[in-house]
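J.: 3D model of this:
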Amino acid sequence: MNYRDYLSITPEIEQAIAENKPIVALESTILSHGMPYPENLEFAHKVEEIVRGQGAIPATMAILDGKLKVGLNAEELEFMCNGKDIAKASRRDVAVYLATKRPAATTVATTMMIADMAGIRIFATGGIGGVHRGAQETMDISADLQELAHTNVCVVGAGCKSILDIGLTLEYLETFGVPVLGYQTDDFPAFYCESSGFGVDHNAKDAEEVALIMKTKWDLGLEGGMLVGNPIPHEYSMDHKVIDKIIEEALELAKQQGIHGKATTPFLLAKIKELSGGDSLASNLQLAYNNAKVASQIAVAYAKIR
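T.: Got it, this is the predicted structure:
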């Protein structure tokens, strides 16, 4: 057996891969661990509609029945949104969950892995994980960063989550040679906020330019992915001072309760939603929709020049 024996690709997506049609990978952690039911199911359908509306095909990833799922049918999507005991799988967990046939949602890292195995080059997410605040002592660094360093997938997201140390995250990506582009911006976005105060490596003027940079990078044999920072739409951007205060409070609660490792991000996002009176969830939804739209446009452009 090889890795392809573990892939379960829907017929539509399999045909699209064979015919070089535009495809956008989507994660499932945001469904199983990021939102309550049935809002998560409505979100999943909306994101897939946005991708199709831009001329691309959505490929939501998951681990089900001992297979790496590339695209989910209606029943599988419902299960990922409302099923019980769904794990959160990063790279280190994949073999365990496949071998034991435990259902698992895919993080940024595992979605990138599965997309690469299937030959899908563009992935839309909310925001990547990164170097957590205080990582100098805790060594809490997301596996997403190593995946970006080694896996040939372009990730479109609203920067990295505001709960992280954004400066150190960007330093880490620079060390491993990951290009960080801004989509029509010079500023690296900070998830809930349009700008983090940090710059990007290049301001890409449109989807065609991003696609050309992707092709050039991989034509040269330069291993690894790319990160496209796509700012949250202005009308949904939150005030820096407000969100920073909320994050500090959430971080203190996590410390008091001994929350660490992969439980940290879901805990913090839930607390931020609670402390912001739901404003953060509304922003989260809108930035995810916007990322799906831009990723789809890039996928269409990339399919044309491959």
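J.: For residue 113, list the residues it contacts.
T.: With Cβ atoms under 8 Å, 6 or more residues apart in numbering as the criterion, the residues that contact residue 113 are 91, 94, 147, 151. All C-beta atoms are positioned from the backbone trio N, CA, C, and that covers glycine.
J.: Give me the longest strand you can find in this protein.
T.: In terms of residue count, the longest strand belonging to the chain (DSSP state E) is strand 57-64.
J.: Moving along the chain from that strand, name the first helix or strand you hit.
T.: Sequence order places strand 67-70 as the next helix or strand after strand 57-64, per DSSP states H and E.
J.: Would you double-check that residue 43 falls in a strand?
T.: No - secondary structure of residue 43, determined by DSSP: H, G, I helix; E, B strand; the rest coil: helix, with no strand assignment.
J.: Around it, count how many other residues there are.
T.: By other Cβ atoms under 10 Å, the residues close to residue 43 number 19.
J.: Distance-wise, check it relative to residue 111.
T.: According to Cβ to Cβ, to the nearest Å, residue 43 and residue 111 sit 16 Å apart.
J.: Count the neighbours of the residue lying closest to residue 15 once chain neighbours are set aside for me.
T.: Beyond its immediate neighbours in the sequence, the residue positioned closest to residue 15 (Cβ to Cβ, 6 or more residues apart in numbering) is residue 21, lying 7.8 Å away. Burial measure for residue 21: 16 neighbouring residues, criterion other Cβ under 10 Å.
J.: Pull the contacting residues for residue 21.
T.: Residue 21 touches 15, 56, 57, 303, counting by Cβ under 8 Å, 6+ apart.
J.: Residue 97 now?
T.: Going by Cβ under 8 Å, 6+ apart, residue 97 touches 63, 87, 89, 103, 104.
J.: Following element in sequence after the helix or strand containing it, please.
T.: With secondary structure defined by DSSP H and E, residue 97 is part of helix 94-100. Toward the C-terminus, helix 94-100 is succeeded by strand 104-106 as the next helix or strand (DSSP H and E).
J.: so what does that next one touch, helix or strand wise?
T.: Contacting strand 104-106 under the criterion 3 or more Cβ pairs under 8 Å, 6 or more residues apart in numbering; DSSP states H and E are the following elements: helix 29-32, strand 57-64, strand 87-89.
J.: strand partners of it, parallel vs antiparallel please.
T.: Strand partners for strand 104-106, identified by DSSP bridges, are recorded as strand 57-64 (antiparallel), strand 87-89 (parallel).
J.: Dump stretch 79-87 to CSV, restricted to CA.
T.: Presented in CSV, the C-alpha positions along stretch 79-87 are these (Å, rounded to 0.1, in the frame of the first residue of the first chain):
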residue,chain,number,x,y,z
PHE,A,79,-21.8,14.2,10.8
MET,A,80,-18.7,16.5,11.0
CYS,A,81,-21.0,19.3,12.2
ASN,A,82,-23.2,17.3,14.6
GLY,A,83,-21.3,14.0,15.4
LYS,A,84,-20.0,13.0,18.8
ASP,A,85,-16.4,12.4,19.8
ILE,A,86,-14.8,13.9,16.8
ALA,A,87,-11.1,14.4,17.4
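J.: Could you give me the buried positions within it?
T.: Neighbour-count burial for stretch 79-87 flags 79, 80, 81, 83, 86, 87 (criterion: 16 or more other Cβ atoms under 10 Å).
J.: so the first one sits in a helix?
T.: Yes - under three-state DSSP, residue 79 sits within a helix.
J.: Would you mind measuring from it to residue 132?
T.: From residue 79 across to residue 132, the span is 31 Å (Cβ to Cβ).
J.: And the residue nearest the centre of the chain, what's its pLDDT?
T.: Relative to the mean C-alpha position of the chain, the nearest C-alpha, by Cα atoms, centre = their mean, is the one of residue 125, at 3.0 Å. In this model, residue 125 is scored at 97, pLDDT.
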